[in-house]
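Novice: Below is the sequence, then the predicted model.
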Amino acid sequence: MQPVYSNAAAKTINGMDSSTKKRIKQGIEKLPDGDVKPLRGYKDKSLRLRIGDYRVIFRYELDDNGIRYPFISEIDNRGDIYK
């Protein structure tokens, strides 16, 4: 199950220092394990993954073969992600 990143999420993660980037990528690779909760107010059934002070907003999508994969839409600090 290989995650797919939106352009905004890829830009954010590529701009991080190497230790933070590594920690976030490891958290994403372990999905659906981790501190995952559904987000209220999002119509597309988005979920959030908490990794320290960072939040990863994602949802599950299906590929052409019916295999479910996480689509990472946003990554940001917990104080800025929900604005």
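Specialist: All right, it came through fine.

Novice: Tell me who's in contact with residue 78.
Specialist: 50, 53, 54, 55 (CB atoms under 8 Å, 6 or more residues apart in numbering). (Each C-beta comes from the backbone N, C-alpha and C, glycine too.)

Novice: again, only using 10 Å
Specialist: Residue 78 is in contact with 48, 50, 51, 52, 53, 54, 55, counting by CB atoms under 10 Å, 6 or more residues apart in numbering.

Novice: And those, which is closest to residue 28?
Specialist: Distances from residue 28 to these, taken as CB to CB, are shortest for residue 51 (8.3 Å).

Novice: Give me the nearest residue to residue 21, chain neighbours excluded.
Specialist: Of all residues not flanking residue 21 in the chain, residue 13 sits nearest, at 5.8 Å (CB to CB, 6 or more residues apart in numbering).

Novice: Check residue 8 too.
Specialist: The shortest distance from residue 8 to any non-neighbouring residue, by CB to CB, 6+ apart, is to residue 74 (6.4 Å).

Novice: and the one you found, what are its bridge partners?
Specialist: On the basis of DSSP bridges, residue 74 is bridged to residue 57.

Novice: is it fair to say residue 48 lies in a strand?
Specialist: Yes. With DSSP: H, G, I helix; E, B strand; the rest coil as the criterion, residue 48 is part of a strand.

Novice: What's the local residue count around it?
Specialist: Using other CB atoms under 10 Å, the number of residues around residue 48 comes to 18.

Novice: which ones are touching it?
Specialist: Residue 48 sits in contact with 35-39, 42, 55-58, 74, 78, 81-82, where contact means CB under 10 Å, 6+ apart.
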